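A.B. asks: Need a 3D model of the sequence below.
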Amino acid sequence: MEPAADLAEAGLRLEVDGAVATVVLDRPERRNAMTFATWRGLARIGRSLPPQVRVVVLRGEGPSFSAGIDLSMFSGGSGESLPDGSDFAASDAFIAELQEGYTWLRDPRFVTVAAIHGHVIGGGFQLALACDIRVAADDVKLCMKEPALGLVPDLTGTKPLVEIVGVNRALELCLTARTVLAEEARRLGLAEIVVPREGLDDAVRELVGSLLAVNPGAAVATKRLLLEATENTLAEQCAAERREQIGRLREMAEARRQG
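C.D. replies: Take a look at the predicted model:
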């Protein structure tokens, strides 16, 4: 696993307890604003999680989940600034490296849960969208801020946003950069569960317990199957269901023989 000191420098904290890993955005004095180091640190966590982890919880320390990009990066205040785009290949590789902090959250090996509260803005909103399940406190404030800053959402958030709310609503949310509160987030499907702020930790704990109660192999196969569904034709998805079920039947039969 990543050394705690290295993660702390990136504004992150990692806690692993058996099958559960908790990733904490840990810059509360900056409302967990994100830097290049944060995104690279998230990528390193994804590459180094121990194999027994089945559920990953992401949460923010302090009053907010994340206020999004640290604006000091526009001026190079973090020691590194955004590329100017003059070298397409280099800029493309730069952004791809940052996106790796998000893409690993779709890995079928584990279920990812975003426990969100307070401000969930820009890169923080996209981090929540990268997770499988979002549990929101009733004080949550979601906002896709990038277009208001002259940028586009480029941390993998546009695909899940469109899949959840549709192109038209996604366009409205992005181009107005308006705030979505808890009840609307639930109605739009941006949050699967909404609870009072003081009940967020208990709700996440209950959800994690339910997720861990499922057979590990079935959980991995089901997530893999569902991730394929949006891109597959019906015939392709039927074939994928047969493939995954045959794999499960073989594993169960092998377990019986060894038991």
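
A.B. asks: any low-confidence regions in the protein?
C.D. replies: 75-78 (pLDDT under 70).

A.B. asks: So which residues of the chain form strands?
C.D. replies: Ranges of strands in the chain, per DSSP state E, are 12-17, 20-25, 55-60, 111-116, 119-121, 133-137, 141-143, 180-181, 193-195.

A.B. asks: ok, residue 140 - contacts?
C.D. replies: 65, 116-118, 120, 181-182, 185, 191, 194 (Cβ atoms under 8 Å, 6 or more residues apart in numbering). Just so you know, the C-beta spots here come from the backbone N, C-alpha and C atoms, and that holds for glycine as well.

A.B. asks: Could you measure from it over to residue 81?
C.D. replies: Distance, residue 140 to residue 81, by Cβ to Cβ, to the nearest Å: 30 Å.

A.B. asks: repeat for residue 53
C.D. replies: For residue 53 relative to residue 81 (Cβ to Cβ), the value is 34 Å.

A.B. asks: Neighbour count added to the contacts of residue 140, as CSV?
C.D. replies: Formatted as CSV, the contacts of residue 140 follow (neighbours: other Cβ atoms under 10 Å):
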residue, neighbour count
65, 30
116, 32
117, 23
118, 20
120, 34
181, 14
182, 22
185, 22
191, 26
194, 22
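
A.B. asks: JSON lines for the residues you listed, including distance to residue 35?
C.D. replies: Formatted as JSON lines, those follow (distance: Cβ to Cβ, whole Å):
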{"residue": "65", "distance to residue 35": "16"}
{"residue": "116", "distance to residue 35": "20"}
{"residue": "117", "distance to residue 35": "21"}
{"residue": "118", "distance to residue 35": "19"}
{"residue": "120", "distance to residue 35": "17"}
{"residue": "181", "distance to residue 35": "27"}
{"residue": "182", "distance to residue 35": "28"}
{"residue": "185", "distance to residue 35": "26"}
{"residue": "191", "distance to residue 35": "26"}
{"residue": "194", "distance to residue 35": "29"}
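
A.B. asks: Share the number of residues neighbouring residue 44, please.
C.D. replies: 19 (other Cβ atoms under 10 Å).

A.B. asks: same deal with residue 4?
C.D. replies: Residue 4, neighbours per other Cβ under 10 Å, totals 12.

A.B. asks: Now do the contacts for it.
C.D. replies: Contacts for residue 4 (Cβ under 8 Å, 6+ apart) come out as 13-14.

A.B. asks: Over to the one 3 residues further on?
C.D. replies: Contact partners of residue 7, counting by Cβ under 8 Å, 6+ apart, are 13-14, 41, 44-45.

A.B. asks: One more: residue 245?
C.D. replies: Contacts of residue 245 by Cβ under 8 Å, 6+ apart: none found.

A.B. asks: For it, give its distance to residue 231.
C.D. replies: Where residue 231 is concerned, residue 245 sits at a distance of 19 Å (Cβ to Cβ).

A.B. asks: Check residue 223 too.
C.D. replies: Residue 223 is 15 Å from residue 231, by Cβ to Cβ.

A.B. asks: Comparing those two, which residue is more hemmed in?
C.D. replies: Neighbours per residue, other Cβ under 10 Å: of residue 223 and residue 231, the larger number sits with residue 223, 18 against 8.

A.B. asks: Which residue is the nearest non-sequential neighbour of the more buried one?
C.D. replies: residue 108 (4.4 Å; Cβ to Cβ, 6 or more residues apart in numbering).

A.B. asks: For the one you found, give me its contacts.
C.D. replies: With Cβ under 8 Å, 6+ apart, residue 108 has these contacts: 220-221, 223-224, 227.

A.B. asks: of all those residues, which comes closest to residue 91?
C.D. replies: residue 227 (28.5 Å; Cβ to Cβ).

A.B. asks: what's the distance between the residue nearest to residue 223 and residue 123?
C.D. replies: 24 Å.

A.B. asks: Check residue 1 too.
C.D. replies: 23 Å.

A.B. asks: neighbour-wise, which of those two wins?
C.D. replies: Using other Cβ under 10 Å, the more surrounded residue of residue 1 and residue 123 is residue 123, with 28 against 12.

A.B. asks: what's near enough to touch that one?
C.D. replies: Residue 123 makes contacts with 34, 39, 66, 68-69, 155, as judged by Cβ under 8 Å, 6+ apart.
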